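Trainee: Have a look at this fold, sequence not included:
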């Protein structure tokens, strides 16, 4: 397929364009707000055309990849869908920018969101291990250093009006997505977002989620200079199942039936299986690995963790959302 690619940041250069090339897909146009920067990135990667014309993004192509700052995700995805094109969007779909209408149905042939960890071999094994076993508790911890200066190209991530949130939307969204994948819609969400940048994005997010099945999860996500961590741990019935670090593929089990360890590393470029899945979804007519409805649920959790009033308003307006039952009211931090 010929692709229009929106965005020219790190994820596009390191992952999206290399993934398209590796799979024999054809990036045909690179769009960006700064047409000169778009042209430079396009030249580095052999993309034949680039610029700041949004109409060119959806003209003469077969699919669109949206990898801009979050505030532009939904508008550009809607433009692609309106042109009758399949569209794959970076995460989060809208984050805390979500409203009842902002992430409404994208009426196009295929629409997906880039929660690529769903395709990781270790996550697939984790899902198999949870078949027939329901843990009582899940502990999710993420921490890495991130403190961009005023001229840093990723400074936009500290402005929630552009990024849709701070560490919860940026890194926590991937982990929330895995919890949604494993357990479905949570019944209750409570959150505390603190340690904010000057423009308002949080450096620290602590979120509690509960499911009707009895599962409880605690997610702690931080941008700080303390030692990095990225772990998911499931506990219940005398058994503990740990994925640590999350992207290592190292899965360990301890319990009454003994202990084992498996190493199932992800693809070197995790966007390659993501794009391959999406191409196959377009070809066969099946849903992509993360359809928009699932990504909207992640957005709802992000909103509920930071703004319970907005979350309850959104639930009253739209009773058709994926899963069963509304998110529980969260307390304001």
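Mentor: Cool, the structure landed. Every value quoted in this text rests on a predicted model; they were computed, and no experiment measured them.
Trainee: what pLDDT, on average, does the helix or strand that contains residue 122 get?
Mentor: In this structure, residue 122 sits in helix 121-129 according to DSSP states H and E. Across helix 121-129, the average pLDDT comes to 97.
Trainee: just checking, what packs against that helix?
Mentor: Using 3 or more Cβ pairs under 8 Å, 6 or more residues apart in numbering; DSSP states H and E as the contact criterion, the elements in contact with helix 121-129 are helix 173-183, strand 239-243, strand 250-255. All C-beta atoms are positioned from the backbone trio N, CA, C, and that covers glycine.
Trainee: strand partners of the helix or strand following that helix, parallel vs antiparallel please.
Mentor: Using DSSP H and E, the helix or strand that follows helix 121-129 in sequence is strand 137-144. Its sheet considered, strand 137-144 pairs with strand 216-223 (parallel), strand 229-236 (antiparallel) by DSSP bridges.
Trainee: Tabulate the helices and strands packed on helix 121-129 (a markdown table), appending mean neighbour count, mean pLDDT and distance to residue 85.
Mentor: Formatted as a markdown table, the helices and strands packed on helix 121-129 follow (neighbours: other Cβ atoms under 10 Å; pLDDT from 0 to 100; distance: least, Cβ to Cβ, whole Å):
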| stretch | mean neighbour count | mean pLDDT | distance to residue 85 |
| --- | --- | --- | --- |
| helix 173-183 | 22 | 98 | 24 |
| strand 239-243 | 19 | 98 | 35 |
| strand 250-255 | 16 | 98 | 38 |
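Trainee: got CSV for those, with distance to residue 50 too?
Mentor: CSV is the format used below for these (distance: least, Cβ to Cβ, whole Å):
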stretch, distance to residue 50
helix 173-183, 28
strand 239-243, 39
strand 250-255, 40
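Trainee: Identify whichever of those lies nearest to residue 69.
Mentor: Between residue 69 and these, the shortest separation by Cβ to Cβ is 14.2 Å, and it involves helix 173-183.
Trainee: what angle sits between the very next helix or strand once past that closest one and helix 173-183?
Mentor: As assigned by DSSP H and E, the chain's next helix or strand after helix 173-183 is strand 188-196. Computed by axes from the mean of the first three to the mean of the last three Cα atoms, to 10 degrees, the angle separating strand 188-196 from helix 173-183 equals 170 degrees.
Trainee: quick check: angle from the next helix or strand after strand 188-196 to strand 188-196?
Mentor: Using DSSP H and E, the helix or strand that follows strand 188-196 towards the C-terminus is strand 202-210. Per the same axes, to 10 degrees, the angle that strand 202-210 makes with strand 188-196 is 170 degrees.
Trainee: going forward can the numbers begin at 404, since that is how I track them
Mentor: That works, and once the first residue is 404, the last one we named lands at strand 605-613.
Trainee: Low-confidence ranges, the stretch 504-653 of the chain, go.
Mentor: In the predicted model, the stretch 504-653 of the chain carries pLDDT under 70 at residues 504-508, 510.
Trainee: mind listing the helices in the chain by residue range?
Mentor: For the chain, applying DSSP state H gives helices covering 413-414, 420-425, 438-448, 457-460, 476-485, 524-532, 563-566, 570, 576-586, 674-687, 695-709, 711-720.
Trainee: contacts for the third one?
Mentor: Just to be clear, that refers to helix 438-448. For helix 438-448, the external contacting residues (Cβ atoms under 8 Å, 6 or more residues apart in numbering) are 411, 415-416, 420, 424, 430, 433-435, 450-455.
Trainee: And the pLDDT at residue 435?
Mentor: With respect to pLDDT, residue 435 scores 97.
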